[in-house]
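Visitor: coords please:
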Amino acid sequence: MSLTKPLVRILEAIDRSIPASEREKLLGAFQPYKIAKSRVLVAHGEVSGKMYFIQKGVMRAYYTRGEEDVTSLMASDGEAVCIAASFFRQQPSEEILETLEDCIVYSITYELYRELTGYDTGLAQLTIELLENQLINFGETIRMFKYLSVEQRISHYVRQPASVFRRIPDQYIATYLGTTGATFSRCLKNVEIDRD
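Guide: Next up is the predicted model:
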């Protein structure tokens, strides 16, 4: 699968696969718009009605455990994000999706998503590839948690090209990596990085 970000791939697929007469209507609904920082897009118990394609910005998904919130997903420029269990099953969400920066996004509703995937085999194949990539990334995350120490997880995460650690608060990354803010700060001192 191409490493091109999902937003670019879906725009290319729409341009290539949808007849011109219908493309204009679809692209009219699929326009970028701005969402302010700190906005909750899906609340706990709400059904996720949209999938977001981030042109610019950072979002995170998290769940609460007692008084603490635990980051389960971070997405940034060019990536697709939704609360998957809620969006694909159209059931109440156990997680919360919020913006961490002002974001410019495209979005599609669940109904439009289903319409696009049924529209032609090219778009259906693209959807399958994007979901496969998400599953592969999830598998890599599970392996990271199973085999690496906290310090190794932090080192691995901050060295990834797609890492957004310079753009979001450390405590969110700490919970995403399964540690505390204090441990994250202490371990980060031992990781040689260029932290602009």
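
Visitor: wait, is residue 24 part of a strand?
Guide: No - read with DSSP: H, G, I helix; E, B strand; the rest coil, residue 24 is helix and lies in no strand.

Visitor: can you count the residues close to it?
Guide: A count of nearby residues for residue 24, using other C-beta atoms under 10 Å, gives 10. C-beta: built from backbone N, CA, C; applies to glycine.

Visitor: what's the neighbour count on residue 69?
Guide: Residue 69 has 17 nearby residues by other C-beta under 10 Å.

Visitor: mind listing what residue 38 touches?
Guide: By C-beta atoms under 8 Å, 6 or more residues apart in numbering, the residues touching residue 38 are 98-100.

Visitor: which residue of this protein lies farthest from its centroid?
Guide: Here the centre of the chain is the reference, and by C-alpha atoms, centre = their mean the most remote residue is residue 21, at 31.4 Å.

Visitor: skip ahead from the host helix or strand of that one and say which helix or strand is next.
Guide: Using DSSP states H and E, residue 21 sits in helix 20-29. As assigned by DSSP H and E, the chain's next helix or strand after helix 20-29 is strand 33-35.

Visitor: that next one pairs with which strands?
Guide: strand 103-109 (antiparallel) (DSSP bridges).

Visitor: residues making contact with the partner strand?
Guide: Residues outside strand 103-109 that contact it (C-beta under 8 Å, 6+ apart): 7, 30-35, 37, 49-59, 116.

Visitor: among these, which ones are in strands?
Guide: The strands, defined by DSSP state E, take in 33-35, 50-56, 59 from those.

Visitor: pick the one among the residues you listed closest to residue 150.
Guide: residue 59 (24.5 Å; C-beta to C-beta).

Visitor: my guess is residue 83 meets residue 44, correct?
Guide: No - judged on C-beta atoms under 8 Å, residue 83 makes no contact with residue 44 at a distance of 9.8 Å.

Visitor: now the common contact residues for these two.
Guide: By C-beta under 8 Å, 6+ apart, residue 83 and residue 44 have these common neighbours: 93, 95.

Visitor: compare those two (neighbour count), which wins?
Guide: Neighbours were counted for residue 83 and for residue 44 using other C-beta under 10 Å; residue 83 has more, 26 against 14.

Visitor: buried set for the lengthiest helix in the chain?
Guide: Longest helix of the chain, by residue count under DSSP state H: helix 121-147. By 16 or more other C-beta atoms under 10 Å, the buried positions in helix 121-147 come out as 123, 126-127, 134, 141.

Visitor: ok, now stretch 160-177?
Guide: Across stretch 160-177, burial judged by 16+ other C-beta under 10 Å covers 164-165, 168, 171-177.

Visitor: let's have those residues in CSV, adding distance to residue 13.
Guide: CSV is the format used below for the buried residues of stretch 160-177 (distance: C-beta to C-beta, whole Å):
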residue, distance to residue 13
164, 26
165, 31
168, 30
171, 37
172, 32
173, 32
174, 37
175, 35
176, 30
177, 34
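
Visitor: which residue in those residues has the weakest pLDDT?
Guide: Here the lowest pLDDT out of these sits on residue 165, with 68.
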